[in-house]
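>>> Structure of the sequence below:
(2 chains)
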Number of protein chains: 2
Amino acid sequence: MANNGKMFLEELEKKLDINIQDKDLLREAVTHSSYANGKKNVKFNERLEFLGDSVLQLCISEFLFTNYSNKSEGELTKRRALIVCENSLYEIAKKWGVGKYIRMSKGEELTGGRERISILADCVEAIIAAVYVDNGFEKAKKFIIDNFKDIIEKAIKNKIILDYKTKLQEVMQQNGDVCIEYSLIKHEGPPHRRKFYTEVSVDGSILGSGVGYSKKESEQNAAQEALKTLEEENE
Amino acid sequence: MANNGKMFLEELEKKLDINIQDKDLLREAVTHSSYANGKKNVKFNERLEFLGDSVLQLCISEFLFTNYSNKSEGELTKRRALIVCENSLYEIAKKWGVGKYIRMSKGEELTGGRERISILADCVEAIIAAVYVDNGFEKAKKFIIDNFKDIIEKAIKNKIILDYKTKLQEVMQQNGDVCIEYSLIKHEGPPHRRKFYTEVSVDGSILGSGVGYSKKESEQNAAQEALKTLEEENE
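Numbering: from 1, shown residues only, chains lettered A, B, ... in the order given. This next block holds a predicted model:
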């Protein structure tokens, strides 16, 4: 279970590259509801997540509004949806290595909570709120833009892909009909924390493999790897 | 057609009770897309509306987050949805009398554009963005909270009703089955700007009447009046 001492939080702040004076606030931001269950006076991060979502939304909206004055409202909305979404937040969570710092119940942890996309994404929003409450709007804006700049750039260039399986199909079928198959190679671990290994083949040739805590996740990861392979081949 | 001279915009600023230095920005905020159609270099308010929606969302989120520390994320989300919605924005638009100041095409105006809920609501969001861009976040926040305080209060007390017809049915049927009927009394005006007059009766007694630019709108307004009548009777 994650420690919540001052040193531990300071280590997280270093990774975030920001100072949050109010350590209780940061602690709240990295506390999952499962940890607070049955405990008195333990605040968890859902309220901060509610606030953080709006802070993120405004900062990204303003960035797009200011920097892409030639784009219509429809275009801006589409790009924002690519940036402010669970997948992007998950990317940020991985960059920060935030999973290690989340306080959660033993049960949640044993079933893969530290790698769960929704838990990690929510925690990123809560941390954004903590930065906002502690440092004010302008600093939060800078913090967000600094951290999201790669994601923003990809969204502008239309390089964010939300569904890798669909994308792989689109790419492969440009040259006529092909047969894409996903094969579950193996699974391992206890039922509550089972890992699935999938390979994807196109017309019989294996193009990628992926691991995940559900079949679906492992297939998406396999498709993502296949797309990367294809991209590298074309470079 | 609305004038867009400096005097006219200053009159609007007085009603908004805020100063916007950049008159071009305010002019953009009150320009409907129909006005810009076929004209070169005329900016309309859709991009500002995109930004204003996020400014409003954050300011209301923060207000709820700060002032209702006992409420869960779910409760806060529900209240915010009641506050940040087309109906609330329409209330604000009516309070400001903003319809008069919107630049729109003759066609839009002739078909009731100045009273159209969506046009008025969008314009309020665009004005909020203009205040934000021109005055900064803190002033925009104060502007929003000052203007939305009645709506926030109602939302907290659960007094905002989104669908008056459903609400009337719920209220009336607490005492068993009743027969609620909506009768179209008359309509007037040319087809592109027709006004509908509806009366609502409960078990044969007329409880309210309403006017609107569609049957549906006139029925909602009749139901709203009926609810008001019932409320006054119970006081």
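>>> Nearest residue to residue A:47 in space, please, no chain neighbours.
Using C-beta to C-beta, 6 or more residues apart in numbering or on different chains and skipping residues adjacent in sequence, the residue nearest residue A:47 is residue B:73, 5.2 Å away. Using the backbone N, CA and C atoms, a C-beta is placed for each residue, glycine as well.
>>> so residue A:199, which of the three states?
strand (DSSP: H, G, I helix; E, B strand; the rest coil).
>>> what's the helix or strand for the residue nearest in space to the middle of chain A?
The centre of chain A sits closest to residue A:90, judged by C-alpha atoms, centre = their mean, with a distance of 0.7 Å. Under the criterion of DSSP states H and E, residue A:90 resides in helix A:86-96.
>>> Only alpha carbons, please: show that helix as PDB.
Taking Å, rounded to 0.1, in the frame of the first residue of the first chain, the C-alpha atoms of helix A:86-96 are listed here in PDB:
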ATOM      1  CA  GLU A  86      -9.500   9.200 -20.300                       C
ATOM      2  CA  ASN A  87      -6.800   7.900 -22.700                       C
ATOM      3  CA  SER A  88      -4.900  11.200 -22.600                       C
ATOM      4  CA  LEU A  89      -5.200  11.400 -18.800                       C
ATOM      5  CA  TYR A  90      -3.900   7.800 -18.600                       C
ATOM      6  CA  GLU A  91      -0.900   8.800 -20.700                       C
ATOM      7  CA  ILE A  92      -0.100  11.600 -18.300                       C
ATOM      8  CA  ALA A  93      -0.600   9.300 -15.300                       C
ATOM      9  CA  LYS A  94       2.000   6.900 -16.800                       C
ATOM     10  CA  LYS A  95       4.400   9.700 -17.500                       C
ATOM     11  CA  TRP A  96       4.200  10.800 -13.800                       C
END
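>>> Which positions within it qualify as buried?
Within helix A:86-96, the residues scored as buried using 16 or more other C-beta atoms under 10 Å in any protein chain shown are A:88-93, A:96.
>>> Find the residue ranges of chain A scoring beneath the pLDDT cut-off.
A:1-4, A:159-162, A:235 (pLDDT under 70).
>>> Give me the helices and strands touching the longest helix that chain A contains, please.
Longest helix in chain A by number of residues (criterion: DSSP state H): helix A:46-67. Applying 3 or more C-beta pairs under 8 Å, 6 or more residues apart in numbering or on different chains; DSSP states H and E, one finds that helix A:46-67 contacts helix A:23-29, helix A:73-83, helix A:117-135, helix A:137-156, helix B:46-67, helix B:73-83.
>>> Next to chain B, which bits of chain A? Give me the list.
A:46-47, A:49-51, A:53-55, A:57-58, A:61-62, A:65, A:69, A:72-73, A:76-77, A:137-138 (C-beta under 8 Å from any C-beta of the partner chain).
>>> Buried members of those residues into PyMOL, please.
This is how PyMOL selects the buried members of these, with burial counted by 16+ other C-beta under 10 Å:
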select buried, chain A and resi 46+47+49+50+51+53+54+55+57+58+61+62+65+73+76+137
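>>> is it true that residue A:185 touches residue A:197?
Yes. Counting by C-beta atoms under 8 Å, residue A:197 is a contact partner of residue A:185 at 4.5 Å.
>>> Common neighbours of the two, please.
Common neighbours of residue A:185 and residue A:197, using C-beta atoms under 8 Å, 6 or more residues apart in numbering or on different chains, are residue A:209.
>>> Looking at the two, which one has more neighbours?
residue A:197 (18 against 12; other C-beta atoms under 10 Å in any protein chain shown).
>>> Count the neighbours of residue A:118 for me.
The local packing of residue A:118 (other C-beta under 10 Å) involves 11 other residues.
>>> which one is it nearest to, not counting chain neighbours?
According to C-beta to C-beta, 6+ apart, the nearest residue to residue A:118 is residue A:86 (6.7 Å).
>>> so who does the closest residue to residue A:215 other than its chain neighbours touch?
Spatial nearest neighbour of residue A:215, excluding adjacent residues (C-beta to C-beta, 6+ apart): residue A:196 at 5.1 Å. Residue A:196 makes contact with A:184, A:187, A:211-215, A:217-218 under the criterion C-beta under 8 Å, 6+ apart.
>>> again, 10 Å this time
A:184-189, A:210-219, A:221 (C-beta atoms under 10 Å, 6 or more residues apart in numbering or on different chains).
>>> Identify those among those that sit within strands.
A:184-188, A:210-212 (DSSP state E).
>>> how about these, which pair is most distant?
Maximum pairwise distance in these, criterion C-beta to C-beta, is 14.4 Å, between A:188 and A:210.
>>> Neighbour count for those two, which is higher?
Between residue A:188 and residue A:210, counted using other C-beta under 10 Å, residue A:210 has the larger neighbour count: 21 against 10.
>>> Alright, that wraps it up for me.
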